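J.: pasting the sequence and the predicted coordinates here, then a few questions.
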Amino acid sequence: MANYGNLQKIKDGKRTYAITPHIPGGFILPDQLIKIAEVAKKYNGVLKLNSGQRILITNLQEEDLESIWKELDMKPAVVSQYSVKNVEMCPANYCKRSKYPTIGIGMKISKKFHGYEVPNRTKIGVAGCRNACTSVYSKDIGVIVDIDGTFFVTVGGSAGFYPRQSDIVTKELNEKEAFELVGEILDYYKDNAPKGEKLGDFIDRISIEKFRKDILEKLNLKEIL
């Protein structure tokens with residue numbers, strides 16, 4: 001990684017790089033979107049809308065990366081692979097199917113935990129209904145609103161090389177409890193898993209029963225499945 005740029009391709013000895021600015025939840029104001037386009041155009045970049053609700057700028061030269069970051073005036077989406085990479089959110093506040101306006105808690109989670117150091121890359125998803133748009137059930141941590149408007153939290157999901165179905169930690173939570181539960185899950189994972197172990201693998205190693213019991217006892221929450 002050079003100036004938070006990832007090597008993308010080597011062709012005829014020439015290297016090109018890509019950068020990914022942090023765009024919380026994929027929500028961006030028009031002026032900022034215009035700035036990204038203008039900077040990319042200036043440096044012959046190519047824009048790619050990726051699955052993490054971010055905009056990747058590729059086809060860049062290594063010597064331009066520092067100037068590009070200064071002109072964008074944005075933070076990198078990923079500083080370390082051993083961290084919370086992103087918090088993906090559905091457009092709940094604007095959706096007719098939503099049972100709760102979850103953009104608020106999504107932004108709180110992003111502000112508090114984006115970049116938080118953990119044993120391995122971790123993705124969090126937030127959804128305003130059980131449709132769980134943005135594939136929340138396949139995220140390391142999922143915050144989802146049930147049909148009655150209460151929250152439930154899932155853990156251990158993965159859609160990667162080794163797919164894993166997520167487990168429910170507990171249900172019938174309010175927004176504050178769901179937010180606190182996310183923090184406790186990350187702390188417990190950080191304190192007890194070795195570096196490099198994914199959250200789902202950690203849960204399989206110690207058992208979901210132990211994981212759930214330890215987490216809920218810490219917050220004095222009931223196990224409701």
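T.: Received the coordinates, thanks. Numbering: from 1, shown residues only.
J.: okay, domains of the chain per the record?
T.: 6-72, 84-219 (automatic domain parsing).
J.: so how far is Lys41 from Asn6?
T.: 20 Å (CB to CB, to the nearest Å). For glycine as for every other residue, the C-beta is placed from the backbone atoms N, C-alpha and C.
J.: same thing with Gly160?
T.: In terms of CB to CB, Gly160 sits 33 Å off from Lys41.
J.: ok, now Thr134?
T.: 29 Å.
J.: for those two, indicate the residue with more neighbours.
T.: Thr134 (23 against 10; other CB atoms under 10 Å).
J.: phi and psi next, for the spatially closest residue to the more buried one that is not a sequence neighbour.
T.: Residue nearest to Thr134 in three dimensions, not counting chain neighbours: Glu88, with 4.3 Å by CB to CB, 6 or more residues apart in numbering. For Glu88, the backbone dihedrals (degrees, to the nearest 10) come out as phi -90, psi 140.
J.: for Glu88, list the residues it contacts.
T.: Gly25, Gly26, Gly52, Gln53, Lys123, Ile124, Gly125, Val126, Thr134, Ser135, Val136, Lys139 (CB atoms under 8 Å, 6 or more residues apart in numbering).
J.: so what touches the lowest-mean-pLDDT helix or strand in the chain?
T.: Of all helical and strand segments in the chain, the minimum by mean pLDDT, DSSP states H and E falls on strand 6-11, at a mean of 82. With contacts defined as CB under 8 Å, 6+ apart, strand 6-11 is touched by Arg15, Thr16, Tyr17, Ala18, Ile19, Thr58, Asn59.
J.: filter those residues down to the buried ones, PyMOL style.
T.: In PyMOL syntax, the buried subset of those is picked out as below (16 or more other CB atoms under 10 Å):
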select buried, resi 16+17+18+19+58+59
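J.: and the furthest pair within the contacts of strand 6-11?
T.: Arg15 and Ile19 (13.8 Å; CB to CB).
J.: list the buried residues in the longest helix along the chain.
T.: Identified as the longest helix of the chain according to DSSP state H is helix 175-192. Using 16+ other CB under 10 Å as the burial criterion, the residues of helix 175-192 that qualify are Glu175, Glu177, Ala178, Phe179, Leu181, Val182, Glu184, Ile185, Leu186, Tyr188, Tyr189.
J.: same thing with stretch 168-175?
T.: Ile168, Val169, Thr170, Lys171, Leu173, Glu175.
J.: next, the contact list for the residue positioned nearest the centre of the chain, please.
T.: The chain has Asn86 as the residue nearest its centroid, 2.4 Å off, counting by CA atoms, centre = their mean. By CB under 8 Å, 6+ apart, the contact set of Asn86 is His22, Gly52, Gln53, Arg54, Ala77, Val78, Ser110, His114, Lys123, Ile124.
J.: how close does the residue nearest to Thr134 sit to His22?
T.: From Glu88 to His22 the distance is 13 Å (CB to CB).
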